[in-house]
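K.L.:
The following block contains a protein sequence and its predicted model.
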Amino acid sequence: MLRHPDLDARPATHPILRPMKLVVAIVHNEDAGALVDALLEGEHRATRLHSSGGFLKQTNATILVGVEDDKVEEILGIVRTNCTARTQIVNPMPPIMEPGEFFMPYPLEVEVGGATVFVLPVERLERL
Ligand code: 2BA
């Protein structure tokens, strides 16, 4: 069978079987760049996904970090340091009006947290 020469040079990969977690952090778009930079500086691999919030429908970022169990607190610390809560003004959608009804739109203030973080168990991590 023909194999690319690089494949022979590359060491065989093994699944990482140590207990691991996937940290999923939903953060403000404006904080995502600094957060990813800080994670990489700490030698943590990270993936940034472009996402948007279901409520505000505004762009945010979802950061995925696969780490060993004992690194989870360090990751949360990096998220805390780099992500800031903000107040956003939302203009509510006007309701469907009946003739003669009147709707006075007024902006609402919504506090968006610095980050919403889920920590999930990882069964297996493999880089192929
Ligand atoms: P959004 O869904 O756009 O929500 C933005 C902010 O609006 C929320 O901030 C919260 O303060 C407010 N909010 C959300 N749903 C609401 C509701 N039904 N009634 C009143 N206020 C509401 P955070 O809680 O800091 O959430 C920031 C972003 O994190 C969310 O953006 C969403 O993308 C994500 N997120 C938060 N909780 C989540 C969950 N349980 N599952 C999945 N994603 C979540």
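P.N.:
Alright, I've got the coordinates. Residues are numbered from 1 along each chain as shown.
K.L.:
elements contacting the helix of greatest length in the chain?
P.N.:
Determined from DSSP state H, the single longest helix within the chain is helix 29-41. Under the contact criterion of 3 or more C-beta pairs under 8 Å, 6 or more residues apart in numbering; DSSP states H and E, helix 29-41 touches strand 59-68, helix 72-82. Heads up, the C-betas are built off the backbone N, CA and C, glycines and all.
K.L.:
list the contacts for the closest residue to residue 35 other than its chain neighbours?
P.N.:
Leaving aside its sequence neighbours, residue 35 sits nearest to residue 82 (C-beta to C-beta, 6 or more residues apart in numbering; 4.3 Å). Residue 82 sits next to 31, 34, 35, 38 when contact means C-beta atoms under 8 Å, 6 or more residues apart in numbering.
K.L.:
Just the closest of these to residue 54, please.
P.N.:
residue 31 (19.1 Å; C-beta to C-beta).
K.L.:
nearest residue to the closest one other than its sequence neighbours?
P.N.:
Closest to residue 31 by C-beta to C-beta, 6+ apart is residue 83, at 4.5 Å.
K.L.:
okay, that neighbour: pLDDT?
P.N.:
Looking at residue 83, its pLDDT is 97.
K.L.:
now swap in residue 94 and tell me
P.N.:
Predicted confidence (pLDDT) for residue 94: 77.
K.L.:
How much space separates the closest residue to it other than its chain neighbours from the ligand?
P.N.:
Excluding the flanking residues, the one nearest residue 94 by C-beta to C-beta, 6+ apart is residue 103, at 5.0 Å. Here the criterion is C-beta to the nearest ligand atom, to the nearest Å. By it, residue 103 lies 19 Å from the ligand.
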